[in-house]
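1. here are the coordinates; sequence isn't available:
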């Protein structure tokens, strides 16, 4: 029989065991072009949780009574597809079950469909669910593409003892960064320091003052933040950013399920894969003429409209600023002092 | 006499008139190499407010009793600097006063120092404080560099009737975008629709349900958000982002002064000019092999450490997921089903 894990109830916050149930069904025969895979390992990933919500933000919601969406690595036990032989190893989004039937497509256009061929000689096949699977791709690209770690810079990783965090931190070390991990519990802190050789590790459970500990561990402030958790931990990290810092918003474990107790822009940033960037005009002073050239061109060709609110005399300056801040009036507020 | 505006008290939230005082001092004679400028216009800018706080996040705080930091455009009335003639027009951070002495440096390395020569034939000189000054540079580069507006995309601008917002929105129109402005009051909404020809304008004061109005005005969601205000308006915009949206965090007028009533990551993003970006691994599925190649190289050369937590049997799957979400254990959680 093929045993499967089903979603029995929508979890509120953390799932409970009673949110799941099990079924046993006959093992299906592959049709022409298909193959049958027996599971060696299933994967437990934070992403699974989001698809248990009514509106997931991460693709299709798992319906009640349906099999839990999840990844599997296993071995082909029957093949009616000429690209796959019995004994081949494959990884894919095959669900939380003991046997899966697949069409065997290997074109990797999405992680939700298709199979990846796994080479058991490269590493234990279970790593195809971890550092040589989706979590590995996450750690690698979110760190390299978004955090953009530069030698000598300080990189902070939250949930640093997890699959993604521990890999991201180690890659940052390989890139010559000072790496500070945040994790919960002394065992994890020891792991980060001893096994992963992070430069510092902070236990957010035990540290009475996370802020003090983090600031002490990051004397040059934080150049890049690999954010797996959100919540209060991230609030503290954000308050200590270096100029032009990069933040990869990868996970929101701390904001898990339940009603949102606060505005959480990072949740929207992650689900839209959006980019938010701070702007201070001083950084562009040396390029001002580029803007002035374009703007005056538009102005002189009548393509641009502008308005001014003119306050008169230096005594009116404070009120002018108050009006700007309150949004009174339309256009630019200036204070006329003299001249035409 | 030279009348000046002084900071008399630190404003809490919006400044009051009593936070300011005035002084009158003799007009200084320029020393060798210096010039004396008579103000034609002073500028009222939101940025001024931040430097009135004890810790500004935008550079030097204005001390109590000191002249208010601010921009001026005026005319040279006396020059002992051979680069400047009497009658020349100049703009700079010359303070809220009627006369200023300057060294006349024109190297524009920062907006806080140096003078910009102003051509009165190009446009009225007051525009050197507005669309052809710092606000113009802000609108132009924050829109072009960060919002990256593409033809046909929807761009939302908050504080859209202000100097920066009205210019940013018009530039987005010139780039072929659908532009939606948010402003307070019916006069501003009319201005945005009639004079600036925005595609839609929303009055956040009068719109009972800002969310409904914004969603209706942005049927394709929001591809870029030029954020001048922060606060609740931004929370609503953020909830309706299109995939790969860009957000330029330019101002925080809604979060003005006073105690912070909530975590406000945008405040840190703006003061560090940081970049925050959401990451979902599906976008990188087609590049997975790049990551696997590097990671397996490090693994095989002993540079990478990894751990696994192995749960046994399909019945243990729900607990494995709960452990992942609670952060129990170190490393990747897998569920062993069969095989070696």
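-> Right, received. Where do you want to start? Since we're looking at a predicted model, the values are computed, not measured. Residues are numbered from 1 along each chain as shown, chains lettered A, B, ... in the order given.

2. what about the worst-scoring helix or strand of chain A on mean pLDDT, distance to the chain center?
-> When each helix and strand of chain A is scored by mean pLDDT, DSSP states H and E, helix A:46-50 comes last, with a mean of 86. On the basis of Cα atoms, centre = their mean, to the nearest Å, helix A:46-50 sits 12 Å off its chain's mean C-alpha point.

3. how about it, does it reach chain B?
-> Yes. Against chain B, helix A:46-50 shows contacts by Cβ under 8 Å from any Cβ of the partner chain at A:46, A:48-49. Backbone N, C-alpha and C define where each C-beta goes, glycine included.

4. separation between residue A:107 and residue B:288?
-> 12 Å (Cβ to Cβ, to the nearest Å).

5. is the closest residue to residue A:118 other than its chain neighbours in a bridge, and if so with what?
-> Nearest residue to residue A:118 in three dimensions, chain neighbours excluded: residue A:89, at 4.0 Å (Cβ to Cβ, 6 or more residues apart in numbering or on different chains). Residues in a beta bridge with residue A:89, per DSSP bridges, are residue A:75, residue A:118.

6. let me know the pLDDT of residue A:89.
-> According to the prediction, residue A:89 has pLDDT 97.

7. that one: neighbour count?
-> Residues within reach of residue A:89, counting by other Cβ atoms under 10 Å in any protein chain shown, total 19.

8. check contacts around it.
-> Residue A:89 is in contact with A:40, A:73-76, A:117-120, A:125, A:128, counting by Cβ atoms under 8 Å, 6 or more residues apart in numbering or on different chains.

9. hmm, 7 Å instead?
-> Applying Cβ atoms under 7 Å, 6 or more residues apart in numbering or on different chains to residue A:89 gives the contacts A:73, A:75, A:118, A:120, A:125.

10. now those residues as TSV including distance to residue A:179?
-> Below are the contacts of residue A:89 laid out as TSV (distance: Cβ to Cβ, whole Å):
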residue	distance to residue A:179
A:73	29
A:75	37
A:118	29
A:120	31
A:125	29
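
11. quick one: which of those is nearest chain B?
-> residue A:75 (6.3 Å; Cβ to the nearest Cβ).

12. my read: that closest one touches residue A:38, true?
-> Yes. Between residue A:75 and residue A:38 there is a contact under Cβ atoms under 7 Å: 5.7 Å.

13. still on that earlier bit, switch the residues of helix A:46-50 next to chain B over to CSV; also include neighbour count.
-> Shown next, in CSV, are the residues of helix A:46-50 next to chain B (neighbours: other Cβ atoms under 10 Å in any protein chain shown):
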residue, neighbour count
A:46, 22
A:48, 22
A:49, 23
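
14. among those residues, which one lies nearest to residue A:232?
-> Among the residues of helix A:46-50 next to chain B, residue A:46 lies closest to residue A:232 (Cβ to Cβ), at 18.0 Å.

15. my guess is the closest one contacts residue A:250, does it?
-> No. Taking contacts as Cβ under 7 Å, residue A:46 lies outside contact range of residue A:250: 9.6 Å.

16. straight-line length of stretch A:310-320, end to end?
-> Taking Cα to Cα, to the nearest Å, the first and last residues of stretch A:310-320 lie 9 Å apart.

17. tell me the buried residues in it?
-> Residues A:311, A:314, A:316-320 are the ones in stretch A:310-320 that count as buried (16 or more other Cβ atoms under 10 Å in any protein chain shown).

18. got it, and stretch A:215-231?
-> A:217-218, A:221-231.

19. likewise stretch A:172-183?
-> A:172-173, A:175, A:177-183.

20. next: stretch A:201-209.
-> Those would be A:201-204, for stretch A:201-209 by 16+ other Cβ under 10 Å.

21. could you identify the most distant pair in the residues you listed?
-> So, these by Cβ to Cβ: farthest apart are A:201 and A:204, at 10.4 Å.

22. rewinding a little: flag whichever of the buried residues of stretch A:201-209 scores worst on pLDDT.
-> Lowest pLDDT among the buried residues of stretch A:201-209: residue A:204, 92.

23. quick one: contacts for it?
-> Counting by Cβ under 7 Å, 6+ apart, residue A:204 has contacts A:182, A:184, A:210, A:233.

24. quick one: which of those residues is nearest residue A:32?
-> Once Cβ to Cβ is applied, the member of the contacts of residue A:204 that ends up nearest residue A:32 is residue A:184, at 50.6 Å.

25. show the pLDDT at the closest residue to that closest one other than its chain neighbours.
-> Nearest residue to residue A:184, sequence neighbours excluded (Cβ to Cβ, 6+ apart): residue A:205, at 4.7 Å. On pLDDT, residue A:205 comes in at 87.

26. returning to that earlier point: the buried residues of stretch A:215-231 in helices, which ones?
-> Applying DSSP state H to the buried residues of stretch A:215-231, the entries found in helices are A:217, A:231.

27. redo the buried residues of stretch A:215-231 as a markdown table? Include distance to chain B and pLDDT.
-> A markdown table is the format used below for the buried residues of stretch A:215-231 (distance: Cβ to the nearest Cβ, whole Å; pLDDT from 0 to 100):
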| residue | distance to chain B | pLDDT |
| --- | --- | --- |
| A:217 | 18 | 97 |
| A:218 | 13 | 98 |
| A:221 | 8 | 98 |
| A:222 | 9 | 98 |
| A:223 | 10 | 98 |
| A:224 | 10 | 98 |
| A:225 | 9 | 98 |
| A:226 | 9 | 98 |
| A:227 | 8 | 96 |
| A:228 | 10 | 93 |
| A:229 | 9 | 90 |
| A:230 | 10 | 88 |
| A:231 | 9 | 87 |
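
28. which pair of the buried residues of stretch A:215-231 spans the longest distance?
-> A:223 and A:231, at 21.6 Å, using Cβ to Cβ across the buried residues of stretch A:215-231.

29. can you pull the contacts of the residue nearest the centre of chain A?
-> Centroid-nearest residue in chain A, with Cα atoms, centre = their mean: residue A:250, separated by 1.2 Å. By Cβ under 7 Å, 6+ apart, the contact list for residue A:250 reads A:138, A:142, A:164, A:226-228, B:279.
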